[in-house]
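S.K.: fold the following.
(one chain, ligands or ions: 1)
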Amino acid sequence: MAGSPDTGLTGCWSVYDETVIKISKSKFVREPEAVLVVCFVWKDIMSDFKAIESIAEKCGFTEYGYVRIDHLKYYPDIRKICEGNTCRNYGSCWACPPAVGTLEECKNRVEQYDNMMLFTKKYETKNSFDIKGMMRGLKDFKKLADSFHEELKPCLSDFMLLSNEGCGRCKECTYPDEPCRFPDLLHHSLEGYGFLVNDLAKEANVKYNNGQNTVTYFGALLFNTEKK
Ligand code: SF4
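M.R.: Numbering: from 1, shown residues only. Below is the predicted model:
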């Protein structure tokens, strides 16, 4: 697996000077208690990462890895591609633009979190024109993202999931007339946030393309490890 707790933790804590240690966005401790507290918090954080990784493995994702929140780029050009609506999801559901808000709003939402785990699932297709096979894969991937969401609930109090493309949960979406029927299970689209998935895959050290006659779907888990 591409995941490594070390990679994920680089954004979680840092030593500012030799006396004050930032463990998370809101926790600061001073020496000499620092060493002891850091050991406990470190152990806690490590166990959160391990628990999340074992859930990702149980769900059957092909690979996972971590992306630093401060490395994320929100490309207006990707948003323009959404607006071109070749995927037919633009303006059709609550998971895609314009319903997800402006890029600035997406960025602010993401920056509520300290960590991003990128996860993938590879599906076999007959050939590069096997649209049915691709759609079958996407449907399965959405189900896996739902299972991941459910399994994460007891482990994380604060998280958000993003996944490739639109929603597709309901036969007919309520957008824009009524609120989403399942707001708690609404996974916004990765592309809608202006992310270049290839960039994310590189940083997370996971494969963007798994070879001929395959399609790979991506999702992202944003989470805070600190106990609320
Ligand atoms: S869950 Fe249903 S109502 Fe909500 S965005 Fe998806 S399709 Fe639309």
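S.K.: switch to C-alpha atoms for all contacts and neighbour counts from now on
M.R.: Noted.
S.K.: in this protein, which spans are strands?
M.R.: Using DSSP state E, the strands of the chain run over 14-15, 20-22, 28-30, 63-67, 115-124, 159-163, 188-189, 214-223.
S.K.: run through who's touching the fifth one.
M.R.: Right, the one you point to is strand 115-124. Strand 115-124 is contacted by residues 8-9, 11-12, 56, 60-69, 133-134, 137, 141, 200-201, 204, 206, 210, 213-224 when judged by Cα atoms under 8 Å, 6 or more residues apart in numbering.
S.K.: quick one, which of these are buried?
M.R.: By neighbour count, with 16 or more other Cα atoms under 10 Å, the contacts of strand 115-124 hold 8-9, 11-12, 56, 61-69, 133-134, 137, 141, 200-201, 204, 206, 214-224 as buried.
S.K.: any idea which of the strands of the chain gets closest to Tyr175?
M.R.: strand 188-189 (13.7 Å; Cα to Cα).
S.K.: direction included, what does the closest one pair against?
M.R.: Sheet pairing for strand 188-189, assigned by DSSP bridges, gives strand 159-163 (parallel).
S.K.: touching the ligand at all, the strand it pairs with?
M.R.: No. Counting by Cα under 6 Å from any ligand atom, the ligand has no neighbours in strand 159-163; the shortest distance is 12.2 Å.
S.K.: show me the shaky parts of this structure.
M.R.: 1-45, 226-228 (pLDDT under 70).
S.K.: tell me which parts of it are close to the ligand?
M.R.: Residues of the chain lying near the ligand (Cα under 6 Å from any ligand atom): 93-95, 167-170, 173-175, 180-182, 186.
S.K.: what subset of those is buried?
M.R.: If we count by 16+ other Cα under 10 Å, the residues of the chain next to the ligand have these buried: 93-95, 167, 173, 180, 186.
S.K.: these: which two are farthest apart?
M.R.: Farthest pair in these, by Cα to Cα: Cys173 and Leu186, 11.9 Å.
S.K.: need the overlap of contacts for these two.
M.R.: Counting by Cα under 8 Å, 6+ apart, the residues touching both Cys173 and Leu186 are Cys180.
S.K.: how near is Leu200 to the ligand?
M.R.: 24 Å (Cα to the nearest ligand atom, to the nearest Å).
S.K.: show me what the closest residue to that residue other than its chain neighbours bridges to in the sheet.
M.R.: Spatial nearest neighbour of Leu200, chain neighbours left out: Val67 (6.7 Å); criterion: Cα to Cα, 6 or more residues apart in numbering. Beta-bridge pairing for Val67 (DSSP bridges): Met116.
S.K.: how close does Val67 get to Gly84?
M.R.: Counting by Cα to Cα, to the nearest Å, the gap from Val67 to Gly84 is 28 Å.
S.K.: what of Asp77?
M.R.: Distance from Asp77 to Gly84, by Cα to Cα: 11 Å.
S.K.: got it, and Phe159?
M.R.: Distance from Phe159 to Gly84, by Cα to Cα: 30 Å.
S.K.: Ala56 is in contact with Phe148, isn't it?
M.R.: Yes. Contact status for Ala56 versus Phe148: in contact at 6.7 Å, counting by Cα atoms under 8 Å.
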